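Chemist: Attaching a predicted model along with its sequence, questions to come.
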Amino acid sequence: MKWMIVKKAEELANVSYQLMKQEILRHPEGLTIGLATGSSPLGVYEEWRQDELDCRHVTTVNLDEYVGLSPDHPHSYHTFMKEHLFDTVTFKESYLPIGNTADSHQESERYEQLVRTLGIDIQLLGIGSNGHIAFNEPGTPFDAKTHVTELTESTRMANQRFFDRLEDVPTEAITMGIGTIMEAEKILLVASSERKAEAVRDMMEGPATVDCPATILQRHADVMVVLDEEAAGLLS
Ligand code: F6R
């Protein structure tokens, strides 16, 4: 696991975007990028929107979507990605799991096949304060494929800021599994703020355990972690 510690959020966004951009430029023939939602990638997406990089050869696949929300729901991850990236940057194709299908398990299987067929060249990740990656909560097996997962109370509370009330935060999501994420060629994980310090320390210095899903990344051959000083605050 390689890592970089920067002083401020703007620097974190800039450094991380430049790493993504390098990959895009390295693959003029086309590539697939895995994307995340939440606060962590917001700065990266802002840098991306401001750059005039040609991304028409880039396919994107997102990590997850809430079960029950239609793509055009104001709080769906489809809408989040449109607002923060897709409305401004033109990609070849962009995919997210569909949250409001009749059968979420079948949708998970379809999405797993899609991701496997595309093959992810670089996956952008955030980390939950309980160590989750995508919506693989503590206890998820390391070889999990894309699946439907119940969100923990702490994750729902952390994500409440995007909704009006806690009751509005969905209780389930479709998420790429840990095994799916581990198939990506490269992984770029970004984390900022003191809120993430404990999870970051466990991910980088603790034993690999399903109690902290991000610890699996210790076993991936090409991971770059970009942290601000607060998120790195508990590293020895
Ligand atoms: C989002 C995702 C989640 C977030 C994590 C951190 O697509 O997969 O794992 O990366 O919950 O969220 P933020 O960045 O909002 O702190």
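Modeler: Cool, the structure landed.
Chemist: The longest helix along the chain packs against which elements?
Modeler: Scanning the chain for the helix with the most residues, using DSSP state H, yields helix 9-26. For helix 9-26, the elements it packs on are strand 2-6, strand 31-35, helix 42-50, strand 122-125, strand 186-191, strand 223-228, judged by 3 or more C-beta pairs under 8 Å, 6 or more residues apart in numbering; DSSP states H and E. For glycine as for every other residue, the C-beta is placed from the backbone atoms N, C-alpha and C.
Chemist: quick one: which of the ones you listed is nearest the ligand?
Modeler: In terms of C-beta to the nearest ligand atom, the element of the helices and strands packed on helix 9-26 nearest to the ligand is strand 122-125, at 6.3 Å.
Chemist: do the following helix or strand past the closest one and the ligand meet?
Modeler: Later in the chain than strand 122-125, the nearest helix or strand by DSSP states H and E is strand 147-150. No. Counting by C-beta under 6 Å from any ligand atom, the ligand has no neighbours in strand 147-150; the shortest distance is 10.9 Å.
Chemist: Tell me which helix or strand comes right after strand 147-150.
Modeler: helix 153-159.
Chemist: neighbouring contacts of that following helix?
Modeler: Gly38, Gly128, Ser129, Asn130, His132, Phe135, Glu137, Leu151, Leu166, Val169, Thr171 (C-beta atoms under 8 Å, 6 or more residues apart in numbering).
Chemist: Repeat the analysis, applying 10 Å as the threshold.
Modeler: Contact with helix 153-159 is made by 37-39, 66, 75, 128-130, 132, 135, 137-138, 149-152, 163, 166-171, 173, 195, as judged by C-beta atoms under 10 Å, 6 or more residues apart in numbering.
Chemist: out of the residues you listed, which are buried?
Modeler: Buried by 16 or more other C-beta atoms under 10 Å: 37-39, 66, 75, 128-130, 132, 135, 137-138, 149, 151-152, 169-170, 173, out of the contacts of helix 153-159.
Chemist: would you say Asp72 is within a strand?
Modeler: No. According to DSSP: H, G, I helix; E, B strand; the rest coil, Asp72 belongs to no strand; its state is coil.
Chemist: what's near enough to touch the spatially most central residue of the chain?
Modeler: What sits nearest the mean C-alpha location of the chain, by C-alpha atoms, centre = their mean, is Ala36, with 3.0 Å. Residues near Ala36 by C-beta under 10 Å, 6+ apart: 44-45, 62-64, 77, 81, 123-127, 133-134, 188-190.
Chemist: got the contact list for Met4?
Modeler: Met4 touches Glu11, Leu12, Val15, Ser16, Leu19, Met224, Val225, Val226, Leu227, Ala232, counting by C-beta under 10 Å, 6+ apart.
Chemist: next one: Glu10
Modeler: Gly43, Glu46, Glu47, Asp228.
Chemist: try 7 Å
Modeler: Gly43 (C-beta atoms under 7 Å, 6 or more residues apart in numbering).
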